[in-house]
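Peer 1: pasting the structure only:
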């Protein structure tokens with residue numbers, strides 16, 4: 001399997017406000033809200049990819065810190081890979097800074113791991129299988 005875009009995470013202050021565009025203009029049906037990493041997450045399908053709206057619920061969460069520092073906007077891009085463990089090993093060997101040294105469970109119970117934006121040209125990258 002070749003890597004593909006799994007989703008784009010967008011930090012928002014209020015999911016209900018952000019959903020209006022996706023629902024009313026694009027006609028998309030949002031998935032059920034989930035919780036992970038101190039945020040509420042609502043996924044919107046875009047073919048084989050998705051947009052995840054991320055609303056902080058914990059002021060100490062990564063999404064809350066992101067909004068406080070940068071405001072709402074694109075938080076991260078998630079790439080789907082065929083072997084998360086092998087991809088993390090390659091990234092580590094190539095000198096990329098891993099936020100998650102080993103995969104953990106994210107929204108939907110998927111195995112995920114993040115790479116630090118300081119080593120990925122300013123973009124917070126998430127990897128998943």
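Peer 2: Arrived safely. Here the structure is a predicted model, which means the values were calculated and not measured.

Peer 1: the strands in the chain, which residues?
Peer 2: All strands of the chain, identified by DSSP state E, fall at 4-11, 34-36, 39-46, 49-56, 73-80, 104-105, 111-115, 125-128.

Peer 1: Switch those over to TSV; also include distance to residue 18, mean pLDDT and mean neighbour count.
Peer 2: In this view, the C-beta of every residue, glycine as well, is placed from N, C-alpha and C. Shown next, in TSV, are the strands of the chain (distance: least, CB to CB, whole Å; pLDDT from 0 to 100; neighbours: other CB atoms under 10 Å):
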stretch	distance to residue 18	mean pLDDT	mean neighbour count
strand 4-11	7	97	19
strand 34-36	16	94	15
strand 39-46	8	96	19
strand 49-56	5	97	22
strand 73-80	11	98	18
strand 104-105	25	95	12
strand 111-115	22	98	20
strand 125-128	19	98	21
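
Peer 1: Turn those strands into a markdown table, columns for distance to residue 94.
Peer 2: Shown next, in a markdown table, are the strands of the chain (distance: least, CB to CB, whole Å):
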| stretch | distance to residue 94 |
| --- | --- |
| strand 4-11 | 20 |
| strand 34-36 | 27 |
| strand 39-46 | 29 |
| strand 49-56 | 25 |
| strand 73-80 | 15 |
| strand 104-105 | 21 |
| strand 111-115 | 11 |
| strand 125-128 | 13 |
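
Peer 1: For residue 13, which non-adjacent residue is spatially closest?
Peer 2: Nearest non-adjacent residue to residue 13, counting by CB to CB, 6 or more residues apart in numbering: residue 72, 5.7 Å away.

Peer 1: For that neighbour, what are phi and psi?
Peer 2: Residue 72 adopts backbone torsions of phi -60, psi 150, taken as degrees, to the nearest 10.
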